[in-house]
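> When you get a sec, could you give me coordinates for this:
(chains A and B)
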Amino acid sequence: MTTSLPPALIMLLAGLALPLLANRVWRAAMSLGAPVVALALIWTTPDGPVLTAQILTFDLTILQGTTTGRLFGTIFAIMAFVGALFALKQTNALEASSALIYAGSAIGVSGAGDLITMFVFWEVMAVGSTLVLWSAGERTYLAARRYLLVHLFGGVVLMAGITGHVAETGSIAFTAIELAGVSSWLILIGFLINAGAPPFSAWLPDAYPEASWSGTVFLSAFTTKTAVFVLLITFAGNEILVWVGLYMVFYGIIYALLENDMRRILAYSIVNQVGFMVCGIGIGTELALNGAASHAFAHIIYKALLLMAAGAVLYQTGRRKCTDLGGLFHSMPITTICGIIGALAISSFPLTSGFVSKSMISDAAGHEHLAVVWFLLYAASAGVFLHAGIKFPWFVFFQKDSGLRPSDPPASMRWAMIIFAFLCIAIGVYPEPLYALLPYPVDYVPYTVGHVLHMTQLLLFAGLAFFVLLPLMKRTLTISLDTDTLYRLVGPWLAKVVGRTVGAADRAMRQTAMRWFQDLVAALERVHGVSGVLARDLNMTVTVLAVVIAFGLILLFDLIQGL
Amino acid sequence: MTNDNNHGKRESWLDEPRNIKLLIVIGLIVLALTVVADFFYHGHPKFVVDGWFGFYAWYGFLTCLVMVLVAKLLGFVLKRDDRFYDDD
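Residues are numbered from 1 along each chain as shown, chains lettered A, B, ... in the order given. A predicted model of the protein is given here:
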């Protein structure tokens, strides 16, 4: 059976209709049902253009079936479903509604067949995600506003790039774009801003951890992975992405090591993981692109799982700082185990999903003899275990006993975590179904003796380093300066200074001009005013005298002339 | 939702210092075993260095050491009190 109904449309309509439902059970059914219908539609969309429309002079392909699009659409729909399950206890209808719109527009991008359709869904995604953030309440308004500004800026850059690209090439095709000329660079920058690339990476750890306990789970999945998807389609094989990706990888590690807030640690680690994908896209071989695509798939699951574990802790304790947490394994065994499974998966431990996906990227670097990239990727793999794999579970569930004894979260949250923990291991043990979905035919065996042995060595010794260096990692009540300092403090400060300087200069100039004008008026007044010299009344004696003198002078003049 | 730990110090076998010591010993044995395995496995190194004995073990350890130290140093410059932005 094939359909031409856009899966995104179901999600968007469900999202818009959800707030109209008064009954919580119906809302839950909508949140859970729409992703299932969308997934079914994704899988019945045939290859090639499916739904086209002509708008102005453009032939839009609103829906098309592609292998890569189907892979991303599938994981977006699964994420929307399990995320909705996790969020069942969330009473905020705005969040549930905007989560559907957010996930739906991400699915829309994955099915877009032209740049204009892609852009429209891209912008809806910015609005949807902002609303997810906004719905957490007044506390997040400032963060949501900063988030929106960054994404609107990214959207403007992307729009400018697409407009230029269409003007130059006459094509709106959503396909590989040659990186030459201003417009293609603008498109790339627009994509990279959403991927969390430098220098804009700060928007991510600034915004995501401010959402509600369930909102952050949704936010972690769609924006950055949609960026990975579009980069995969348009800019695969551009070397600059290798270096951008590597920067993101180490940026994420270093900042996560410095961080104290458990959800900010995980937010930095999103940038880190997307860095691996961007690097793979930059390498650009079939193996690397398969690696990037499968890593995006695996990442959505384990990162959502980690943020669910963090969300469960936040929901049960109301605390988010490592300095306030610890020892929770006593009373939250399920959350602890699920969190550890997510942590092992993000660290690419053998038998987890991260192992079967990430190793494709580093192996691709090896096959291409990119020595520096290969060594850095392995160092980064060790660093992932350090900053997320051990640090998160250790400081939240173990370390010193905080004395807190919260129970595991309600059933809906437990089951969402269990499903994703199961998937982390299932994909790791049996990767073939995932491999079958990848953009290129997979000729790759993750489980060789060497692979397993080397990864185990690397990770276990990274673990040893963590415990040996634990005194250096004592948590402090701090945050770290990032590029967001520029627009949160330096910008406003500059505006204030400039405002003050210009204001003062302007005031001084106007005061001086005013004084000159007043002086002039006063001078005129002195001469021509009522009591001025030229307006003064003269008495009769002086007048007669003046006339006599005048006559006298005329006579004198006449006499002199007559001589 | 939270209550203080009033029911004895040893709630879990993981609270027992003896067991923690045991875990550490097991961990160290596993670490040693993974390195010993290098005697029996000869892979196909891609860049010479990765064929050296125990490469992944010492490389993993050393790179983590470097990353932690770099983070520590950058921390002196970048870290601020976590109420730094509160009045913005």
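
> element containing A:Gly237?
A:Gly237 is part of no helix or strand, with elements assigned from DSSP states H and E.

> Next, give phi and psi for it.
phi 90, psi 10 (degrees, to the nearest 10).

> Repeat that for A:Ala28.
Backbone torsions of A:Ala28, given as degrees, to the nearest 10, read phi -60, psi -40.

> pretty sure it is touching A:Ala87, no?
No: assessed by Cβ atoms under 8 Å, A:Ala28 is found out of contact with A:Ala87, at 9.3 Å. For every residue, glycine as well, the C-beta is placed using N, CA and C.

> When the two are compared, which one has more neighbours?
A:Ala87 (27 against 20; other Cβ atoms under 10 Å in any protein chain shown).

> Verify the stated contact: the more buried one with A:Glu95.
Yes: in this structure A:Ala87 lies within contact range of A:Glu95 using Cβ under 8 Å: 7.1 Å.

> What lies in contact with the helix ranked longest in chain B?
The longest helix of chain B (DSSP state H) is helix B:55-78. Applying Cβ atoms under 8 Å, 6 or more residues apart in numbering or on different chains, the contact partners of helix B:55-78 are A:250, A:253-254, A:257-258, A:378-379, A:382-383, A:386, A:453-455, A:457-462, A:464-466, A:469, A:472-473, A:478, A:480-482, B:31, B:34-35, B:38, B:45, B:49-50.

> For it, list every residue counted as buried.
With burial defined by 16 or more other Cβ atoms under 10 Å in any protein chain shown, the residues of helix B:55-78 counted as buried are B:55-57, B:59-61, B:63-65, B:67-68, B:71-72, B:74-75, B:78.

> Common neighbours of A:Ala87 and A:Glu95, please.
A:Ser214.

> how about low-confidence regions in chain B?
B:1-10, B:87-88 (pLDDT under 70).

> go with 50
Low-confidence segments of chain B, defined by pLDDT under 50: B:1-8.

> which residues in it form helices?
B:17-36, B:55-78.

> same deal with the stretch 451-563 of chain A?
With DSSP state H, counting those that start in this stretch as the criterion, the stretch 451-563 of chain A has helices at A:484-485, A:491-528, A:540-562.

> quick one: average pLDDT of the last one?
Model confidence over helix A:540-562 averages 90 on the pLDDT scale.

> May I see the buried residues of it?
Here helix A:540-562 shows no buried residue, counting by 16+ other Cβ under 10 Å.

> what's the answer for the second one, then?
By neighbour count on 16+ other Cβ under 10 Å, the buried set for helix A:491-528 is empty.

> List the buried residues of stretch A:242-262.
So stretch A:242-262, judged by 16+ other Cβ under 10 Å, has buried residues A:242, A:244-262.

> Say whether chain B is contacted by it.
Yes: on the criterion Cβ under 8 Å from any Cβ of the partner chain, stretch A:242-262 is in touch with chain B at A:250, A:253-254, A:257-258, A:260-261.

> How far does the longest helix of chain B sit from its chain's centre?
The chain centroid and the centroid of helix B:55-78 are separated by 11 Å, computed with Cα atoms, centre = their mean, to the nearest Å.

> Hmm, A:Thr66 and A:Val50 touching each other?
No: using Cβ under 8 Å, A:Val50 makes no contact with A:Thr66, being 10.5 Å away.

> Please tabulate the helices of the stretch 451-563 of chain A in a markdown table, including the columns distance to A:Ala176.
A markdown table is the format used below for the helices of the stretch 451-563 of chain A (distance: least, Cβ to Cβ, whole Å):
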| stretch | distance to A:Ala176 |
| --- | --- |
| helix A:484-485 | 33 |
| helix A:491-528 | 37 |
| helix A:540-562 | 99 |
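
> So for chain B, which of these sits nearest?
helix A:491-528 (7.4 Å; Cβ to the nearest Cβ).

> got a list of what the closest residue to A:Ala173 other than its chain neighbours touches?
Nearest non-adjacent residue to A:Ala173, counting by Cβ to Cβ, 6 or more residues apart in numbering or on different chains: A:Asp114, 6.4 Å away. By Cβ under 8 Å, 6+ apart, the contact set of A:Asp114 is A:58-61, A:172-174.

> closest to A:His165 among those?
A:Ile172 (8.4 Å; Cβ to Cβ).

> who's in contact with the closest one?
A:58-60, A:114-116, A:162, A:166 are the contacts of A:Ile172 under Cβ under 8 Å, 6+ apart.

> And the closest residue to it other than its chain neighbours, how far from chain B?
Distances taken as Cβ to Cβ, 6+ apart place A:Asp114 nearest to A:Ile172, at 4.4 Å, with adjacent residues excluded. To chain B, A:Asp114 is 40 Å away according to Cβ to the nearest Cβ, to the nearest Å.

> Distance from the chain centre to the one helix or strand A:Ile427 maps to, please.
Secondary structure from DSSP H and E places A:Ile427 in helix A:411-429. Helix A:411-429 has its C-alpha centroid displaced from the chain centroid by 26 Å (Cα atoms, centre = their mean).

> what's the following helix or strand after it?
Downstream of helix A:411-429 (by DSSP H and E), the next one is helix A:432-437.

> Could I have the CA atoms of that following helix written out in PDB?
C-alpha atoms of helix A:432-437 as PDB (Å, rounded to 0.1, in the frame of the first residue of the first chain):
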ATOM      1  CA  GLU A 432      21.200  -5.400  11.100                       C
ATOM      2  CA  PRO A 433      17.700  -3.900  11.000                       C
ATOM      3  CA  LEU A 434      19.200  -0.400  11.600                       C
ATOM      4  CA  TYR A 435      21.900  -1.100   9.000                       C
ATOM      5  CA  ALA A 436      19.200  -2.000   6.500                       C
ATOM      6  CA  LEU A 437      17.700   1.500   6.800                       C
END
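
> Report the buried residues of that helix.
Buried residues in helix A:432-437 (16+ other Cβ under 10 Å): A:434-435, A:437.

> now do stretch A:79-91
A:79-88, A:90.

> Same question for stretch A:479-490.
A:479-482, A:484-485, A:488.

> Next, give me the two most distant ones among the buried residues of helix B:55-78.
B:Phe55 and B:Leu78 (32.2 Å).

> mind listing the helices for the stretch 151-300 of chain A?
A:182-195, A:203-207, A:215-221, A:223-234, A:239-258, A:262-283, A:286-317.

> Show me what the third one is packed up against.
Helices and strands in packing contact with helix A:215-221 are listed as helix A:67-86, helix A:93-111, helix A:115-134, helix A:262-283, helix A:286-317; criterion 3 or more Cβ pairs under 8 Å, 6 or more residues apart in numbering or on different chains; DSSP states H and E.
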